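Engineer: Following is a predicted model, sequence given first.
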Amino acid sequence: MTLAVAYLQSRTARADRQHAALERREDREAERAARGQERHQRLGDEHRAFQRDTLIELQEQVSAYLRLNGKAGHADEMAWKAAGEPTDRFLVSQLPEGLSEEINISQRRIQVLAQRVDDDAVRDGVRELVDAANAIADPPNKKPPASAAKIRLGTVFQTLNNRIGEILRTLPMEP
């Protein structure tokens, strides 16, 4: 009888140990899954924060880029008028010291920022904005650009700015 009781106790103890080991394994797997989910959530939060910061900087840089292009356009028009408004070609294309380099740096910065954004419409909008600004800076007939080209640049900017704002408004708030 004692042997039977000892045998049953050892089987019960073994079953209890196996059950406890199974529970520990399930607990470890649940903890691993929870850590993975937390890591995934954290990475998602970091990505959204990165997108938000990038979009805000892009918005500011695009505005600065347009201001620089406006300065360049104004300088070109003043030089054109000072040259007597030649009708065949816009002979004057000298910008104030350093302005061309500032525009170049600004243009490269917005293109870099645009490539970091997850939205195709923003990347396309920056590309179109740069094309529109370059069309104004280097018109084919070398005369100061017509107001239609300036209106196009403004429209492209507004569309891009609206898209950036729309994305920013739809990004979830940070915890």
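Structural biologist: That came through fine. Numbering: from 1, shown residues only.
Engineer: Tell me where the longest helix sits in the chain.
Structural biologist: helix 2-82 (DSSP state H).
Engineer: who does whichever helix or strand comes after it touch, helix- and strand-wise?
Structural biologist: Scanning forward in sequence from helix 2-82 by DSSP states H and E, the next helix or strand is helix 99-116. Helices and strands touching helix 99-116, by 3 or more C-beta pairs under 8 Å, 6 or more residues apart in numbering; DSSP states H and E, are helix 2-82, helix 120-137. Bear in mind the C-beta positions are built from the backbone N, C-alpha and C, glycine included.
Engineer: chain center to the longest one, what's the gap?
Structural biologist: What that stands for is helix 2-82. In terms of C-alpha atoms, centre = their mean, to the nearest Å, the centre of helix 2-82 is set 18 Å apart from its chain centre.
Engineer: Likewise for the shortest one?
Structural biologist: For helix 120-137, the gap between its own C-alpha mean and the chain's C-alpha mean amounts to 15 Å (C-alpha atoms, centre = their mean).
Engineer: Can you dump the C-alpha atoms of that helix in PDB for me?
Structural biologist: Output of helix 120-137 as PDB, limited to C-alpha atoms (Å, rounded to 0.1, in the frame of the first residue of the first chain):
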ATOM      1  CA  ASP A 120       3.700  60.100 -52.400                       C
ATOM      2  CA  ALA A 121       1.600  63.200 -52.900                       C
ATOM      3  CA  VAL A 122       4.100  65.200 -50.700                       C
ATOM      4  CA  ARG A 123       7.100  63.900 -52.600                       C
ATOM      5  CA  ASP A 124       5.400  64.700 -55.900                       C
ATOM      6  CA  GLY A 125       4.400  68.100 -54.600                       C
ATOM      7  CA  VAL A 126       7.900  69.000 -53.700                       C
ATOM      8  CA  ARG A 127       9.100  67.900 -57.100                       C
ATOM      9  CA  GLU A 128       6.500  70.000 -58.800                       C
ATOM     10  CA  LEU A 129       7.200  73.000 -56.600                       C
ATOM     11  CA  VAL A 130      10.900  72.800 -57.400                       C
ATOM     12  CA  ASP A 131      10.100  72.500 -61.100                       C
ATOM     13  CA  ALA A 132       7.700  75.500 -60.900                       C
ATOM     14  CA  ALA A 133      10.300  77.600 -59.100                       C
ATOM     15  CA  ASN A 134      13.000  76.700 -61.600                       C
ATOM     16  CA  ALA A 135      10.700  77.600 -64.500                       C
ATOM     17  CA  ILE A 136      10.400  81.100 -63.000                       C
ATOM     18  CA  ALA A 137      14.100  81.400 -62.300                       C
END
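Engineer: Thank you kindly, that will do.
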